[in-house]
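# okay, here's the prediction I keep looking at, along with the sequence it came from:
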Amino acid sequence: MSYSGSGHPYAYGPPPPGGWPPPPPQPNMYPPPPDFGYPPSQYPPPPSYYVPGTVMIPVPVPPSQPPPPEPTPSQSTYITNYIYHGETTVTPSGDQTVSIVEAPGEYDWVPTTALLAGSLTGRAVVGGHEGWDGSPLWVIRAWHNGDLMPGKLSVRHNAASVVYAGKEISVQNIEVLCARPEDLRWVPASNGNVPPGAIPGGRTSSGETLYVGRARYQLSVTPGKIHPSHNSCYIGFAGQEVAHKMYDVLCRIS
């Protein structure tokens, strides 16, 4: 056999007579796949791998700041005496002593305003308290529509009021009753009557005397005016004038 070209039996050139001989077998360069005991079509699937998702990493939270201070309650146009469903310090009906801030002072009506009356602490007569927060109510009087009328001052809320024609009227220019504790007491009465020594707190435009009284209503003890010809003591509550037939009268101790 003759070879041409580069000496390879299958190089370029005409084939020898009878054709080219078959090529020699080549060695297998890749080993056969391992036998797992399964038919080729039933090889087990390749193993799956777990890929974790997003992991939440805890972040330290800075300590919370203290809450801001509560805003000072705005002054309302009248003292509301909201119903309070907790504890109350209502004075028992048998108590005939007047609650007065513990300090000596002269019996007098002292001119001031609802905003500045706090300077009289230590002298002012405390006639009762609010039912919804227990704050004290002072005895005051003020003019309205020609009448000089006893009323109440919530010194905590800087709000004073009197009652007139069915409504509670907010007032600013007032007179605060100041007295010594041993000079006054509250005496029960009813139907427009007043006992001897009752303190006059004002008068109507027609000249009728009005007296200082107080009444219990919706957990409050509220100072107001006793109107003898109406057979009632009137107090202010939630913007309205409320009439009471049973009440206490502020009296001098003779």
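Sure thing, it's come through. Residues are numbered from 1 along each chain as shown.

# residues in contact with Val162?
Arg141, Ala142, His144, Met149, Pro150, Gly151, Glu168, Ile169, Val171, Lys225, Gly236 (Cβ atoms under 8 Å, 6 or more residues apart in numbering). Any C-beta I mention is one placed from the backbone N, CA and C, and that applies to glycine too.

# go with 10 Å
Residues in contact with Val162 (Cβ atoms under 10 Å, 6 or more residues apart in numbering) are 78, 140-145, 147-152, 168-171, 174, 201-202, 210, 224-225, 234, 236, 241.

# got it, and His230?
Taking Cβ under 10 Å, 6+ apart as the contact definition, His230 lies against Asn191, Gly192, Glu208, Leu210, Ala243.

# weed out the non-buried ones from those.
Gly192, Leu210, Ala243 (16 or more other Cβ atoms under 10 Å).

# in a markdown table: those, plus pLDDT and secondary structure.
Putting the buried ones among the contacts of His230 into a markdown table (pLDDT from 0 to 100; DSSP: H, G, I helix; E, B strand; the rest coil) gives the following:
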| residue | pLDDT | secondary structure |
| --- | --- | --- |
| Gly192 | 96 | coil |
| Leu210 | 98 | strand |
| Ala243 | 98 | strand |
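
# turn those into CSV, including distance to Ala124.
CSV is the format used below for these (distance: Cβ to Cβ, whole Å):
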residue, distance to Ala124
Gly192, 27
Leu210, 19
Ala243, 26
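
# tell me the one of these nearest Gly122?
Comparing the buried ones among the contacts of His230 against Gly122 with Cβ to Cβ places Leu210 closest, at 26.8 Å.

# for Ala243, give its distance to Val155.
According to Cβ to Cβ, to the nearest Å, Ala243 stands 25 Å off from Val155.
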